[in-house]
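Undergrad: What shape does this take:
(one chain, ligands or ions: 1)
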Amino acid sequence: MCGIVAYVGSKDAAPILLEGLQRLEYRGYDSAGLAIVNKTLRTRKVKGRVADLAAAVPARFKGGVGIGHTRWATHGVPSDVNAHPHVDGAERVAVVHNGIIENADELRAKLTVDGATFTSETDSEVLAHLIARTVKDTDSLEEAVRTALKRVVGTYGIAVLDAERPGEVVVARNGSPIVLGIGEKEMFAASDVAALVRYTRQVVHLEDGELATIKADGFHTFTMDATETAKEPLTVDWDAGHYDTGGYEHYLLKEISEQPETVARTLRGRVDDRFHIAHLGGLNLTPHETRAFRRVKIIGCGSAYYSGQIGAQLVEELARVPADAEPASEFRYRNPVVEHDTLYVAISQSGETYDTLAAVQELKRKGGRVLGIVNTVGSAIARECDGGIYLHAGPEVSVASTKAFTSTAVAFALLALHFGRVHDLSPADGRRICEGLRRLPAQIEEILAKDDEIAGLARKYADHAGMMFIGRVRGYPVAREGAQKLKEISYVHAEAYPASELKHGPLALIGPDMPTVAIVPDDELLDKNLTTLGEIRARGGRVLMVGHRAADPRLADDCVVVPKNETELDPILLTIPLQLLAYHAAVALERDVDKPRNLAKSVTVE
Ligand code: F6R
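TA: Down below sits the predicted model:
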């Protein structure tokens, strides 16, 4: 959600900032802007994409220090004026900001009385005016930023430029990530390593409440009360190639296609064929502690929450421990009862989703034990948790989550196997699950090989105003995720229901104009599901069945046959064709597949 890049060095800042912004565009893409210092402060900002900004930057826009931003609007519509950087009236200080300033109205009113003139509708502009007021009276940009931030209530990742100090940029973090990149006689800062990996893989993550000054010859970090902090640089695993489309037309298709490999990475070194257990060193739980948990509560947002529903089902089935999933965005607001014998599991691809982070923090405040299932190593949620499982799925760039969803479900299968074997899952069943897990990558390949067939179906169904997705028990979270993927990238209305609930209301929607995607695995509920298909067909509804055997033409118009695994693991595979269905529907409808309207990757605001 919004992206920040900053550069200090001897090269021209603008091309480096533009390249960084391009890498961050998946985080926000309604407007973009740059500021550099070349004797005076110079800014360029436009409504639109980074490419529009690049076209608007003149050739003479030269200077070796600068900051840039790509925006996802929260306060004020997307427009040139509301785009960042924001500058003070004297055009001395420029600021880019991710997050939300909660007391912006109050600060704006006070600054206006003091003579400041505001040009935008954003909350962020107050930061430029606040810092500019202080920087006049002190000889230090650091001090001016610290002093200004003490008056601010809210979340921020910021980068600040002062025309009078052209050799430095000050950055600060509170609830919105900032990472420094260490180069050769040059320094970078960004809201995401994606913007840095082309230039350096040596990075330093700031903590909440921490600030840093970057100069060409290095950096130093400090706290809000000016105490210096010591930081150890980390080496990022991923290089620039991991952030490219790799010859695919869209990141989304690349990420769907990577799943045999990403699932293999999630499993690597974790399946023990001797004792039929899972090795999950990062949990930091002894078998004794594991046995003591009487319940598992899973939290996450959006697709992460749906993968948590698959996870809850796996934990109940394999470990016979009660488990359920809830949106983190709801959980955090309902003053949850936190029990010492419940294990809490937070899921996040980005590791930054604000609602999930806030829920984890609330749990920790109340003494809850929280594990994280997270993709981004070293992210805020990963650091906040007591232990967890990294997905190792690699960077996910497309806004819609696919490979992280699948890897999360696989991580839950490992967690459930671990719990199961600590409880009463027999070695024979443990072995069955281990073998099933090992079959997943090749079976995903088999599903991906059906790409043309699924593309044809997507074209056939894409022009409907709405679609129903149904599934029973294990199939229900699959249906929810299928509907989520379709609606977010194709904008086709999609509704997911438990198949068992259809006749309690939504059957009224069924007719020739409302096709149903039915998840029909070969499990103990097969007959029930087939009865539901009969009910849909009797009302003239069209059915696209996703299951393990060819459909009876009386019950389904079309069918995608998916390879069968162990019943508990089948939901993992049943999701893959729905990802391809949504992708091809979005392509057929000429949508912006990787950057769907109104959305952004990593929702770092409330
Ligand atoms: C949907 C999607 C979102 C995310 C959600 C949580 O395709 O990507 O629903 O799953 O915003 O994001 P993370 O997993 O980063 O916490």
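Undergrad: burial count for the residue of the stretch 251-400 of the chain found nearest the ligand?
TA: Closest approach of the stretch 251-400 of the chain to the ligand (C-beta to the nearest ligand atom) occurs at residue 302, with a separation of 1.9 Å. No exception for glycine: its C-beta is placed from N, CA and C like everyone else's. Per other C-beta atoms under 10 Å, the neighbour tally for residue 302 reads 22.
Undergrad: Excluding covalently adjacent residues, which one is nearest to it?
TA: residue 484 (6.9 Å; C-beta to C-beta, 6 or more residues apart in numbering).
Undergrad: my guess is that neighbour is in a helix, correct?
TA: Yes: applying DSSP: H, G, I helix; E, B strand; the rest coil, one finds residue 484 inside a helix.
Undergrad: Just the pLDDT at it, thanks.
TA: pLDDT for residue 484: 98.
Undergrad: is it true that residue 443 touches residue 569?
TA: No: under the criterion of C-beta atoms under 8 Å, residue 443 makes no contact with residue 569, lying 9.4 Å away.
Undergrad: quick one: which of these two has more around it?
TA: Legend: neighbour count by other C-beta under 10 Å for residue 443 and residue 569, higher for residue 569 (24 against 21).
Undergrad: which SS class is that one?
TA: Classified using three-state DSSP, residue 569 is helix.
Undergrad: Verify the stated contact: it with residue 438.
TA: No: counting by C-beta under 8 Å, residue 438 is not a contact partner of residue 569; they are 10.6 Å apart.
Undergrad: How many neighbouring residues does residue 463 have?
TA: For residue 463, using other C-beta under 10 Å, the count is 10.
Undergrad: Give me the below-cutoff pLDDT ranges for this protein.
TA: Scanning the chain for pLDDT under 70 picks out 1.
Undergrad: give the contact list for residue 213.
TA: For residue 213, the contact set (C-beta atoms under 8 Å, 6 or more residues apart in numbering) comprises 141, 142, 168, 169, 170, 219, 220.
Undergrad: I'd assumed it was in a strand, is it?
TA: Yes: per three-state DSSP, residue 213 lies within a strand segment.
Undergrad: does it have beta-bridge partners, and which?
TA: residue 170, residue 220 (DSSP bridges).
Undergrad: and it, how far is that from the ligand?
TA: Distance, residue 213 to the ligand, by C-beta to the nearest ligand atom, to the nearest Å: 30 Å.
Undergrad: do you know how far residue 538 is from the ligand?
TA: Taken as C-beta to the nearest ligand atom, the span from residue 538 to the ligand is 34 Å.
Undergrad: Please report phi then psi for that residue.
TA: The phi/psi pair for residue 538 (degrees, to the nearest 10) reads phi -60, psi -20.
Undergrad: likewise the one 4 residues further on?
TA: Main-chain dihedrals, residue 542, degrees, to the nearest 10: phi -90, psi 150.
Undergrad: cool, residue 352 as well?
TA: For residue 352, the backbone dihedrals (degrees, to the nearest 10) come out as phi -130, psi -10.
Undergrad: Could you do the one 4 residues further on as well?
TA: When quoted as degrees, to the nearest 10, the phi and psi of residue 356 stand at phi -70, psi -40.
Undergrad: For the residue lying closest to residue 92 once chain neighbours are set aside, which residues are in contact?
TA: Closest residue to residue 92 apart from its sequence neighbours, by C-beta to C-beta, 6+ apart: residue 163 at 5.0 Å. Residue 163 makes contact with 37, 39, 40, 41, 91, 92, 93, 94, according to C-beta under 8 Å, 6+ apart.
Undergrad: The residue nearest to residue 302 reaches residue 305, doesn't it?
TA: No: counting by C-beta under 8 Å, residue 305 is not a contact partner of residue 484; they are 9.6 Å apart.
Undergrad: circling back to that earlier point, tell me which of the contacts of residue 163 is nearest to the ligand?
TA: Once C-beta to the nearest ligand atom is applied, the member of these that ends up nearest the ligand is residue 94, at 29.3 Å.
Undergrad: What distance do you get for that closest one to residue 159?
TA: Plainly put, residue 94 is 9 Å away from residue 159 if you go by C-beta to C-beta, to the nearest Å.
Undergrad: contacting residues around the lengthiest helix in the chain?
TA: Longest helix in the chain by number of residues (criterion: DSSP state H): helix 427-448. Among residues not part of helix 427-448, those counted as contacts by C-beta under 8 Å, 6+ apart are 256-257, 259-261, 263-264, 267, 271-273, 275-277, 318, 406, 410, 413-414, 417, 420-421, 425, 562-563, 565-566, 568-569, 572-573, 576-577, 580.
Undergrad: how about the residues of the protein near the ligand?
TA: 301-304, 348-350, 353, 356, 400-401, 484, 488, 602-603 (C-beta under 6 Å from any ligand atom).
Undergrad: neighbours around the residue nearest to residue 470 when sequence neighbours are not counted, how many?
TA: Of all residues not flanking residue 470 in the chain, residue 499 sits nearest, at 4.2 Å (C-beta to C-beta, 6+ apart). With neighbours defined by other C-beta under 10 Å, the count for residue 499 comes to 27.
Undergrad: Likewise for residue 245?
TA: 15.
Undergrad: Equivalent analysis for residue 271, please.
TA: Neighbours of residue 271 (other C-beta under 10 Å): 18.
Undergrad: what sits opposite it in the beta ladder?
TA: Here residue 271, judged by DSSP bridges, has bridge partners residue 278.
Undergrad: Isn't it up against residue 280?
TA: No: counting by C-beta under 8 Å, residue 280 is not a contact partner of residue 271; they are 10.5 Å apart.
Undergrad: what do these two both touch?
TA: Common contact partners of residue 271 and residue 280 (C-beta under 8 Å, 6+ apart): residue 414.
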